[in-house]
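Trainee: sequence and predicted structure below; questions after.
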Amino acid sequence: MILKLPHIGPAPGPAPGPARGLRNHISAIEDIMPTLLDLANVATEVEFDGVSLVPALMSADAQLPSRDLFFQFHRGSEPDPYRNIAVLRGDYKLVQPVGRGAQAFARDSARFELYNLAQDPNETTDLAADYPAYVNTLVEAYDSWFADTRLNATGQQVIWMGDERQNPVTLTLQRQILSSEMEARIEEIELAKGPVRLKAWVTIDGQDNGFEFIEIERLDE
């Protein structure tokens, strides 16, 4: 999980223009939309998870609101609590790494690590044993965030196919994929109306291989 990535971006706009120089603020992808809308002077009543970075662009002395940032990566229809997670609060980062390597994930095998990114940006020294209370605080913050994200969750997301406004539909697969030079084409598959689960793979030398993407096109009736 990459959490430290530099970004370079111009900020044209009304005077006074952006103050040139480096910023060391922590931000995330959810900050991009409110930042762009702010730069374009577009008002909206939408409540974003992110914040506008324009104050930091315009002034090297500006401070962004204090907040926790939560990250979770998973595959499948439903996210598992604590699987591939990280929490950022100030200089500290909480990580739960079980499930990313050879060890299979299970909730009872979750292991939390704590790093001070200001002093240890390469995350070489785990401080969890030194600050167990702070680890518990960040875990509780994650628990609250995870519960909030699941309040109106609808389970497995439905992808509409056959609509003239998006034809063809491209599905991506985040699993073992075939080489991008390989291609398979299957003509005239009939899909029943209503919810349907579609699986596609090619078996090569006894190994099932998923596709990097699948394109589904509705044909004229």
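Mentor: Perfect, thanks for sending it.
Trainee: low pLDDT regions in the protein?
Mentor: Applying pLDDT under 70 to the chain flags residues 1-21, 75-77, 101-102, 155-159, 161-162, 171-188, 209-216, 219-221.
Trainee: now do 90
Mentor: Across the chain, the ranges flagged by pLDDT under 90 are 1-30, 32, 35-36, 38-41, 43-66, 72-80, 83-84, 97-110, 121, 149-221.
Trainee: all strands of it, in order?
Mentor: Using DSSP state E, the strands found in the chain span residues 68-72, 85-89, 92-96, 113-116, 169-172, 202-204, 207-209, 213-216.
Trainee: got the domain ranges for the protein?
Mentor: According to automatic domain parsing, the chain comprises the domains 1-62, 68-149, 158-221.
Trainee: specify the beta-bridge partners of residue 170.
Mentor: When bridges are called by DSSP bridges, residue 170 pairs up with residue 215.
Trainee: before we move on, back to that, pipe the domains of the chain into JSON lines and attach mean neighbour count per row.
Mentor: All C-beta atoms are positioned from the backbone trio N, CA, C, and that covers glycine. Below are the domains of the chain laid out as JSON lines (neighbours: other Cβ atoms under 10 Å):
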{"stretch": "domain 1-62", "mean neighbour count": "12"}
{"stretch": "domain 68-149", "mean neighbour count": "15"}
{"stretch": "domain 158-221", "mean neighbour count": "10"}
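Trainee: distance between the ends of stretch 79-92?
Mentor: 24 Å (Cα to Cα, to the nearest Å).
Trainee: for stretch 118-135, same thing?
Mentor: Per Cα to Cα, stretch 118-135 runs 17 Å from first to last residue.
Trainee: how close does residue 44 sit to residue 146?
Mentor: Note on residue 44: its distance to residue 146, by Cβ to Cβ, to the nearest Å, is 27 Å.
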